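>>> Just a sequence and a predicted model for now, questions to come.
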Amino acid sequence: MASTRNGSSALDMGKKSTVGGGVADVYGEDHATEDQLVTPWTVTVASGSTLLRDPRHNKGLAFSESERDAHYLRGLLPPACFTQELQEKKLMHNLRQYEVPLQRYMALMDLQERNERLFYKLLIDNVEELLPVVYTPTVGEACQKYGSIFRRPQGLFISLKEKGKILEVLKNWPEKNIQVIVVTDGERILGLGDLGAQGMGIPVGKLSLYTALGGVRPSACLPVTIDVGTNNENLLKNEFYIGLKQRRTTGQEYADLLDEFMHAVKKNYGEKVLVQFEDFANHNAFHLLAKYSSSHLVFNDDIQGTASVVLAGVIAALKLVGRTLSEHTFLFLGAGEAGTGIAELIALEMSKQTKAPIEEMRKKIWLADSKGLIVKSRMESLQHFKKPWAHEHEPVKTLLEAVKAIKPTVLVGSSGVGRTFTKDVVETMASLNEKPLILALSNPTSQSECTAEEAYSWTEGRAVFASGSPFEPVEYEGKTYTPGQANNAYIFPGFGLGLVMSGAIRVHDDMLLAASHALAKQVTDKNFEKGLIYPPFSNIRKISANIAADVAAKAYELGLASRLPQPADLVKYAESCMYSPIYRDYR
Ligand SMILES: NC(=O)C1=CN([C@@H]2O[C@H](COP(=O)(O)OP(=O)(O)OC[C@H]3O[C@@H](n4cnc5c(N)ncnc54)[C@H](OP(=O)(O)O)[C@@H]3O)[C@@H](O)[C@H]2O)C=CC1
Ligand SMILES: CC(=O)C(=O)O
Ligand SMILES: [Mg+2]
């Protein structure tokens, strides 16, 4: 490979090189699929200081002696040559010195912008330690302070100013072969509310998990924030706010901007690009999903990904709490995207298992919102997504009264409001059930409906508990209890990989069920012995490969897969498609 002193040059027109069945760029870019082939093929080779400033190819002190000679790096680096492992050791040592989680977040974002492979190697090898930094809870704080910590754009900002020009904006993004887009409009960031353009931290974080946990190439991932203003008064008043300083646009203007975006995406990247909607407010989320699910490959993580991960946890938990799925009674606090999405997928699975109509199965599931239990007498005033859950019952105002009246075996928190599972509520669950299943899903940690310690101590250690954001193990009366993390991060990376590798053109509910079963199957006896209903994140790449394989198999079965012929061994194929962060040899 030739290189020039003056930074970079376009060489080797029309040359292609192949790695592992996919198409590789000159530095060994991993596993682009056949569809992504772009001709004529232009290889741009960076050298010298340009190479050191190119995060996709920079290796820092890991450039070997011969690479330093070949790429004009002599003198630009100190003499020591480190292995990638030694670089990791140094970085983990440095990261552990920071006491403030946000400092760790910023150090990791700096690394991502400096040396991408090292960032992903670090994240993959230390996933349990670093997930709470790049993801919930720290990403929540990062979004709240995004304006002050903003250094370099990590995704595309598409605001009302870009109306009529969105296709051009997409073309400004340096990568052309995009497979997954995560898009937010910042209106419901975790349980923190409207953070406007500062919500960008969420698509960036989710996509770094697509790569680290699901193996989708970083260059195939595009984070997008649609900025239609914000109703957050503090942001509107803040001179450092990075977004449009106006109240949110709604109605036709909002719909038109989203529509222009969706059309531009399809035109620029084709119909097999996956668009993941993330952290939209529910008054837009359900509508957008319904509107685009028949014309685009779309997935709403908060409605569908969360449903799939919670169903997986409940299926696994049956081994600990007993009975069949349809013999359980569910009560949700929170009847929005997460709550109604989960409820519907559980009802669908019950209906498949029992062959009973889904309407019958819904009756085993109760939801409460900010006004109390959802009951028939409230039907008129309910939003459309709550109506299927309006069962016959007298009005009930509080959660405690609802628990006493419904006698649930499973209590799910999807309200976005912290500490709403009070001592009375949890103790009542414990008085009704030998092993109450309690899922406090709301993020970040401050919004969790209860803590792990509360769940275990208020149930005398009998609760089977998982939460959206991680909690440390709890000591209670001489015994250690390890809480699980019920977070859609278990599902979306593998789910997306399954769609991409099969060339799926649409998402189908049966794929969500397939993902749930694939995840539930990964919970081992050892995990159950600890009371866990999810496997540890340390195995996540293997878990994602299994989820991807079962999702792809379902896509083929449903005739929704366009990548033919179907690979014989889908798990192996999924593994072979996964991005590896190990440095390439550039000699
Ligand atoms: N663990 C995970 O993987 C995931 C977790 N989540 C978390 O779930 C939470 C909710 O998200 P989402 O469903 O999208 O949000 P929504 O805004 O769509 O829904 C929130 C629901 O909670 C209800 N609610 C709000 N305050 C109260 C209260 N004090 N008492 C009872 N109900 C209340 C709302 O009632 P009303 O309709 O009356 O306003 C609404 O029904 C967030 O914290 C989010 O981070 C979301 C996705 C995935
Ligand atoms: C996890 C997630 O998607 C949320 O809290 O919104
Ligand atoms: Mg979300």
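Right, received. Where do you want to start? Ligands and ions are numbered 1, 2, ... in the order given.
>>> buried set for the helix or strand hosting residue 348?
Element membership for residue 348, per DSSP states H and E: helix 337-354. Using 16 or more other CB atoms under 10 Å as the test for burial, helix 337-354 gives 337-351. Bear in mind the C-beta positions are built from the backbone N, C-alpha and C, glycine included.
>>> and if you look at stretch 551-562?
Those would be 551, 552, 553, 554, 555, 556, 560, 561, for stretch 551-562 by 16+ other CB under 10 Å.
>>> wait, residue 271 sits on residue 292?
No - assessed by CB atoms under 8 Å, residue 271 is found out of contact with residue 292, at 11.4 Å.
>>> out of those two, which sits in the busier spot?
Neighbour count, other CB atoms under 10 Å: between residue 271 and residue 292, residue 292 has more, with 19 against 14.
>>> Against residue 334, how distant is the closest residue to that one other than its chain neighbours?
Nearest residue to residue 292, sequence neighbours excluded (CB to CB, 6 or more residues apart in numbering): residue 298, at 4.7 Å. Applying CB to CB, to the nearest Å, the value for residue 298 to residue 334 is 23 Å.
>>> cool, and residue 482?
25 Å.
>>> Counting neighbours, go ahead and name the busier of the two.
Per other CB under 10 Å, whichever of residue 482 and residue 334 has more neighbours is residue 334, with 24 against 15.
>>> list the contacts for the residue nearest to residue 448 when sequence neighbours are not counted?
Once flanking residues are discounted, residue 448 sits nearest to residue 440: 4.7 Å by CB to CB, 6+ apart. Counting by CB atoms under 8 Å, 6 or more residues apart in numbering, residue 440 touches 413, 421, 448, 449, 450, 451, 455, 465, 466, 467, 468.
>>> so of the residues you listed, which ones are in strands?
Among these, the members found in strands (DSSP state E) are 413, 465, 466, 467.
>>> ok, so of those, who is nearest residue 46?
Within the ones in strands among the contacts of residue 440, proximity to residue 46 (CB to CB) peaks at residue 467, which comes in at 44.2 Å.
>>> where's the closest residue to the closest one other than its chain neighbours relative to residue 346, distance?
Excluding the flanking residues, the one nearest residue 467 by CB to CB, 6+ apart is residue 440, at 4.5 Å. Plainly put, residue 440 is 17 Å away from residue 346 if you go by CB to CB.
>>> again with residue 60
48 Å.
>>> Next secondary structure element downstream of the longest strand seen in the chain?
Longest strand of the chain, by residue count under DSSP E: strand 221-227. Sequence-wise, the next helix or strand downstream of strand 221-227 (DSSP H and E) is helix 233-237.
>>> so how far is that next one from its chain's centroid?
Offset of helix 233-237 from its chain centre (CA atoms, centre = their mean, to the nearest Å): 28 Å.
>>> In space, what's closest to the residue of the chain found nearest ligand 1 - neighbours in sequence excluded?
Nearest to ligand 1, among the residues of the chain, is residue 336, at 1.9 Å (CB to the nearest ligand atom). Residue nearest to residue 336 in three dimensions, not counting chain neighbours: residue 282, with 4.6 Å by CB to CB, 6+ apart.
>>> okay but residue 443 is in contact with residue 486, surely?
No - contact between residue 443 and residue 486 fails when scored by CB under 8 Å: they sit 10.4 Å apart.
>>> who touches both of those two?
With CB under 8 Å, 6+ apart as the test, residue 443 and residue 486 both reach residue 468.
>>> near ligand 1, which residues of the protein?
188, 190-191, 282, 302, 306, 309, 333-339, 368-371, 414-417, 420, 441-443, 447, 468, 486-488 (CB under 6 Å from any ligand atom).
>>> contacts with ligand 3 among these, please.
residue 302 (CB under 5 Å from the ion).
>>> Going through the residues of the chain next to ligand 1, which ones are buried?
188, 190-191, 282, 302, 306, 309, 333-339, 368-369, 414-416, 420, 441-443, 447, 468, 486-488.
>>> Among those residues, name the ones in strands.
Judged by DSSP E, the subset of those located in strands is 333, 368, 369.
>>> For ligand 3, what's its nearest residue on the stretch 1-150 of the chain.
Closest residue of the stretch 1-150 of the chain to ligand 3, CB to the ion: residue 136 (9.0 Å).
>>> Now for that residue: which residues touch it?
Here residue 136 is in contact with 190, 443, 444, 445, 468, 469, 470, 487 (CB under 8 Å, 6+ apart).
>>> And for the last one, nearest residue in space, chain neighbours not counted?
What sits nearest to residue 487 in space, not counting adjacent residues and going by CB to CB, 6+ apart, is residue 468, at 5.3 Å.
>>> Might one say that residue 493 is in contact with residue 543?
No - counting by CB under 8 Å, residue 493 stays clear of residue 543, with 9.2 Å between them.
>>> list the contacts for residue 458?
423, 426, 427, 430, 450.
>>> Any quick PyMOL command for the buried ones out of these?
Here is the PyMOL selection string for the buried members of these, based on 16+ other CB under 10 Å:
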select buried, resi 426+427+430+450
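>>> Could you work out the most separated pair of the contacts of residue 458?
Across the contacts of residue 458 (CB to CB), the longest gap, 12.3 Å, separates 430 and 450.
>>> Looking at residue 493 and residue 543, which is more packed in?
A side-by-side neighbour count of residue 493 and residue 543, using other CB under 10 Å, places residue 493 first with 28 against 25.
>>> May I ask which helix or strand encompasses that one?
Assigned by DSSP H and E, residue 493 belongs to helix 492-502.
>>> Burial check on residue 90, number of neighbours?
Using other CB under 10 Å: residue 90 sits among 12 other residues.
>>> er, residue 233 actually
Counted with other CB under 10 Å, residue 233 comes out at 10.
>>> Around residue 152, how many other residues sit close by?
Residue 152, neighbours per other CB under 10 Å, totals 8.
>>> wait, what's in contact with it?
residue 113.
>>> try 10 Å this time
Applying CB atoms under 10 Å, 6 or more residues apart in numbering, we find residue 152 in contact with 55, 109, 110, 113.
>>> Could you single out the nearest of the ones in strands among the buried ones among the residues of the chain next to ligand 1 to ligand 2?
Using CB to the nearest ligand atom, these come closest to ligand 2 at residue 333, 15.2 Å.
>>> Let me know whether that closest one touches residue 421 as I believe.
Yes - here residue 333 reaches residue 421: they are 7.4 Å apart, a contact under CB atoms under 10 Å.
>>> Now do the shared contacts for these two.
399, 403, 411, 413, 415, 440, 449.
>>> What parts of the stretch 51-200 of the chain come near ligand 2?
Within the stretch 51-200 of the chain, the positions near ligand 2 by CB under 6 Å from any ligand atom are 136, 190.
>>> And the helices in the stretch 51-200 of the chain?
Here the stretch 51-200 of the chain has its helices, by DSSP state H, counting those that start in this stretch, at 65-70, 84-97, 101-114, 116-125, 127-134, 138-144, 146-149, 166-172.
>>> just those helices: most buried one?
helix 138-144 (a mean of 24; mean count of other CB atoms under 10 Å).
>>> ok, that helix near ligand 3 or not?
No - shown here: helix 138-144 not in contact with ligand 3 (CB under 5 Å from the ion), separated by at least 10.3 Å.
>>> Counting by contacts, list what that helix packs against.
helix 101-114, helix 127-134, helix 146-149, helix 201-212 (3 or more CB pairs under 10 Å, 6 or more residues apart in numbering; DSSP states H and E).
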